[in-house]
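# Give the three-dimensional model of this entry:
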Amino acid sequence: MKLSCSFDVTRFPVDQHTCYFRMGPLFLPKSVYKIQSREDHAQLEFYIDHDQWELIRPLKTYVNELTWLSGEGTQEFVAEVRIKRRSLYYLIVLICPNILIYLLSSLVFFLPVDSGEKVGFIMTILLAEIVTVGTLNDIFPASSLGFPVLAYLISAITVHLSMLCVATVTVVNVHHYTDDHVSDKIRKIVSSKHLRKLHLTPKIEQLKTRKASRAPKASLCKQDTLKSGVEFDDKSDEDSNYFQSGMKLDAQRVWGLFATTLDRFFSLVHFIATAVVLGYFYFRY
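Below is the predicted model:
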């Protein structure tokens with residue numbers, strides 16, 4: 001005898017299913033026969049454990065009464081079978097490697113842009129994730145009724161890593177930008193004291209200084225910073241050391257500071273997105 005049961009694989013690979021197997025004559029009334037169950041559970045002395053499924057004991061059995069339209073009744077024997085998937089294999093082979101790759105992608109923000117390894121590192125991480133996705137066809141159950149949450153997680157990780165590659169290439173490209181023209185928006189971003197308080201904009205080092213008289217010190221500072229293409233708020237006590245001896249920054253240095261700001265902003269967005277994705281996956285399971 002071969003029996004079948006439909007599964008909801010939304011919580012794969014930690015899914016649990018309940019199947020009901022009904023046996024009995026379909027058109028004979030209960031006046032002709034009578035089904036009796038001696039016990040409320042089945043005997044499992046001869047049951048052999050399965051390597052992928054675990055049978056949840058006890059296996060309940062009972063007799064169900066049915067009534068036809070004519071008023072006559074019949075009986076059926078019902079066995080309630082509950083099974084749970086053994087998830088250790090999927091935990092080691094599928095879940096842990098993907099989450100580990102996902103967490104390792106955060107290390108790209110700890111690599112300096114000048115090292116030249118940022119793009120190569122994140123591309124390697126993305127390639128490793130894509131290779132892992134290519135092996136999932138033989139692991140995921142082929143079902144569209146209840147799509148696994150784990151499949152959504154792996155898809156979200158792949159999209160996230162792809163966007164991280166785009167962000168990394170953008171940061172490296174901006175860092176090595178050689179245009180001498182710097183727009184006003186970039187000047188405001190680099191010189192913003194609010195972003196500096198949030199540690200999104202790095203503190204600017206004094207590259208070249210020149211002597212200035214102390215009497216018109218404030219006006220000279222403003223003139224020199226306007227020539228450099230970067231303006232600062234002289235009302236901030238934190239930025240007062242930036243006006244010592246009239247600091248001057250070239251365009252290449254400004255592009256480097258702007259690239260560092262972008263890198264820190266992308267890292268903040270990345271950590272928030274990682275927490276949201278992993279938190280959603282955890283609470284759905």
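# got a list of what Val119 touches?
Going by CB atoms under 8 Å, 6 or more residues apart in numbering, Val119 touches 165, 168-169, 172. (Each C-beta comes from the backbone N, C-alpha and C, glycine too.)
# Would you mind putting the residues you listed into TSV with pLDDT and neighbour count alongside?
Converted to TSV, those look like this (pLDDT from 0 to 100; neighbours: other CB atoms under 10 Å):
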residue	pLDDT	neighbour count
Cys165	95	17
Thr168	94	23
Val169	93	14
Val172	92	17
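# Find the pair from these with maximum spatial separation.
The largest separation in the contacts of Val119, counting by CB to CB, is between Cys165 and Val172 at 10.8 Å.
# burial of Ser191, as a residue count?
Ser191 is flanked by 22 other residues according to other CB atoms under 10 Å.
# Need phi/psi at it.
Phi and psi for Ser191, reported as degrees, to the nearest 10, are phi -100, psi 10.
# can you pull up the bridge partners for Thr18?
Arg82 (DSSP bridges).
# Shouldn't Ile92 be within a helix?
Yes - according to DSSP: H, G, I helix; E, B strand; the rest coil, Ile92 belongs to a helix.
# so who does it touch?
Ile92 neighbours (CB under 8 Å, 6+ apart): none.
# what about it, distance to Glu117?
Distance, Ile92 to Glu117, by CB to CB, to the nearest Å: 30 Å.
# so where do the strands sit in the protein?
16-23, 53-55, 60-67, 73-85 (DSSP state E).
# For burial, what's the neighbour tally of His194?
Residue neighbour count, defined by other CB under 10 Å, stands at 10 for His194.
# Just the pLDDT at it, thanks.
The score at His194 is 78. That number is its pLDDT.
# does Pro25 really touch Leu66, like I thought?
No - look at Pro25 against Leu66 with CB atoms under 8 Å: they stay out of range, at 10.7 Å.
# just for the stretch 151-285 of the chain, where's the confidence low?
203-249 (pLDDT under 70).
# List the buried residues for stretch 77-92?
Across stretch 77-92, burial judged by 16 or more other CB atoms under 10 Å covers 78-81, 83, 85-87, 90.
# okay, now the domains of this structure?
Using automatic domain parsing, the domain ranges for the chain come out as 16-86, 89-177+265-284, 184-251.
# that older thread, overlap of the contact sets of Pro25 and Leu66?
Thr74.
# dump the residue contacts of the residue nearest to Leu55 when sequence neighbours are not counted.
Leaving out its chain neighbours, the residue that sits closest to Leu55 by CB to CB, 6 or more residues apart in numbering is Ile83, at 5.8 Å. The contact partners of Ile83, taken as CB under 8 Å, 6+ apart, are 16-17, 19, 53-56.
# thinking again about what came up before, please identify the most buried of the strands of the chain.
Sort the strands of the chain by mean neighbour count, taking mean count of other CB atoms under 10 Å, and strand 73-85 sits at the top with a mean of 16.
# In PDB, list the C-alpha atoms belonging to that one.
Only the C-alpha atoms of strand 73-85 are listed here, as PDB (Å, rounded to 0.1, in the frame of the first residue of the first chain):
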ATOM      1  CA  GLY A  73     -23.900   6.600   8.700                       C
ATOM      2  CA  THR A  74     -20.600   4.900   8.100                       C
ATOM      3  CA  GLN A  75     -17.300   4.600   9.900                       C
ATOM      4  CA  GLU A  76     -13.700   5.100   9.000                       C
ATOM      5  CA  PHE A  77     -10.400   4.300  10.700                       C
ATOM      6  CA  VAL A  78      -8.100   7.400  10.900                       C
ATOM      7  CA  ALA A  79      -4.400   7.300  11.700                       C
ATOM      8  CA  GLU A  80      -2.800  10.700  12.600                       C
ATOM      9  CA  VAL A  81       0.800  10.600  11.500                       C
ATOM     10  CA  ARG A  82       3.100  13.400  12.600                       C
ATOM     11  CA  ILE A  83       6.600  13.600  11.100                       C
ATOM     12  CA  LYS A  84       9.500  16.100  11.500                       C
ATOM     13  CA  ARG A  85      12.400  16.600   9.100                       C
END
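# and it with strand 16-23, angle?
Angle of strand 73-85 versus strand 16-23, following axes from the mean of the first three to the mean of the last three CA atoms, to 10 degrees, is 150 degrees.
# between strand 73-85 and strand 60-67, how big is the angle?
For strand 73-85 against strand 60-67, the angle by the same axes, to 10 degrees is 140 degrees.
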